[in-house]
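Peer 1: Provided below for reference: sequence and predicted model.
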Amino acid sequence: MRNAPLGFFDSGVGGLTVVRAVQQLLPAEDIVYLGDTARLPYGSKSPETIRQFAHEDVRFLLSREVKMIVVACNTATAHALPSLQEQYRIPIIGVIEPGVEAVLSDPAAQRIGIIATRGTVGSHAYQHELALRRTGLILHATPAPLLVPLVEEDWLDHPATRAALHTYLDPMLDRGIDTLMLACTHYPLLIPVLKDFLPDGVRLVDSATTCAEHVRNQLTELNLLSEDSTPGSLQINLTDISDQFEDLARRFLARSPGRIQRVSL
Ligand code: DGL
């Protein structure tokens, strides 16, 4: 079992930001990735539909005999993680808990801004997990739906993106946030722009890096770290393939994605 692959799924290719972070930390792990590109985005869909899709995604990864599943999508984690963990015996982890732990690793964090899809913000999953772990936090959660298409368009340092960032972030900056949680797979690509945009003293936390550390801790705890010393493989499966998805996969992964398979669920 230790040398079985890790399974990841996301609504599309954005979850490759999490894969990239995991590969940097755990280069020997084989990875099977599923992006449900035929049905994205998940962020604007109802909780019931997101749960149904997430269960189908998990069943696909189980058919590939993975040893652990990472829900590399904030929206799917927000709406489906508890029901997935209840239904399947395999370890399944999401991106929210590691993100929350990373926010609270700073004992001074008090005023937290959260940007995410409508689905993630509407689920209150981040707000709930943060409030459970520390009392007295002041939370500002804002849906930032335009950031996903702007990142996909590669409009990272672009006036339209800066205008959107002003609209989403100025109200929380006016309220003096000390931490900004990037609660969506796509947002790590905006980190260079955000570093320039945010005033000094606002800490950025992204769910990709923090999730990778959580994956390593879980694998260690469960004695599931690969024993292989050769570099691990990455098999990307998408429910729809187009030139745009291939190009996006390259950008999110920051290297060639290799041969992408088209699959049906
Ligand atoms: N992967 C989604 C997330 O992290 C963003 C894209 C979508 O809405 O499907 O919430």
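Peer 2: Everything's here; your move. These numbers come from a predicted model, not from an experiment.

Peer 1: For the residue of the chain found nearest the ligand, give me the backbone phi and psi.
Peer 2: Relative to the ligand, the nearest point of the chain is residue 43 (2.6 Å; C-beta to the nearest ligand atom). (Each C-beta comes from the backbone N, C-alpha and C, glycine too.) Phi and psi for residue 43, reported as degrees, to the nearest 10, are phi -60, psi -20.

Peer 1: Give me the number of neighbouring residues for the closest residue to it other than its chain neighbours.
Peer 2: Spatial nearest neighbour of residue 43, excluding adjacent residues (C-beta to C-beta, 6 or more residues apart in numbering): residue 117 at 2.7 Å. Residues within reach of residue 117, counting by other C-beta atoms under 10 Å, total 27.

Peer 1: Check the secondary structure at residue 235 for me.
Peer 2: Using DSSP: H, G, I helix; E, B strand; the rest coil, the structure places residue 235 in strand.

Peer 1: Show me the helices in the protein, by range?
Peer 2: Secondary structure of the chain (DSSP state H): helices located at 16-25, 47-63, 74-87, 96-104, 118-123, 125-133, 147-152, 159-174, 191-197, 207-221, 243-253.

Peer 1: elements contacting the fourth one?
Peer 2: Contact here means 3 or more C-beta pairs under 8 Å, 6 or more residues apart in numbering; DSSP states H and E; on that basis helix 96-104 packs against helix 74-87, helix 125-133, strand 179-182, strand 203-206, helix 207-221.

Peer 1: what is the orientation angle of the longest one with helix 96-104?
Peer 2: Put simply, helix 207-221 runs at 110 degrees to helix 96-104, going by axes from the mean of the first three to the mean of the last three C-alpha atoms, to 10 degrees.

Peer 1: Same question for the first one.
Peer 2: Between the axis of helix 74-87 and that of helix 96-104 there is an angle of 120 degrees, by the same axes, to 10 degrees.

Peer 1: For residue 131, which non-adjacent residue is closest in space?
Peer 2: Per C-beta to C-beta, 6+ apart, closest to residue 131 is residue 137, 6.2 Å.

Peer 1: Quick check: the one you found vs residue 109, distance?
Peer 2: According to C-beta to C-beta, to the nearest Å, residue 137 stands 8 Å off from residue 109.

Peer 1: the more surrounded of the two?
Peer 2: Legend: neighbour count by other C-beta under 10 Å for residue 137 and residue 109, higher for residue 109 (19 against 16).

Peer 1: neighbours around residue 108, how many?
Peer 2: There are 7 residues near residue 108, going by other C-beta under 10 Å.

Peer 1: Report pLDDT for it.
Peer 2: Residue 108 is assigned 95 on the pLDDT scale.
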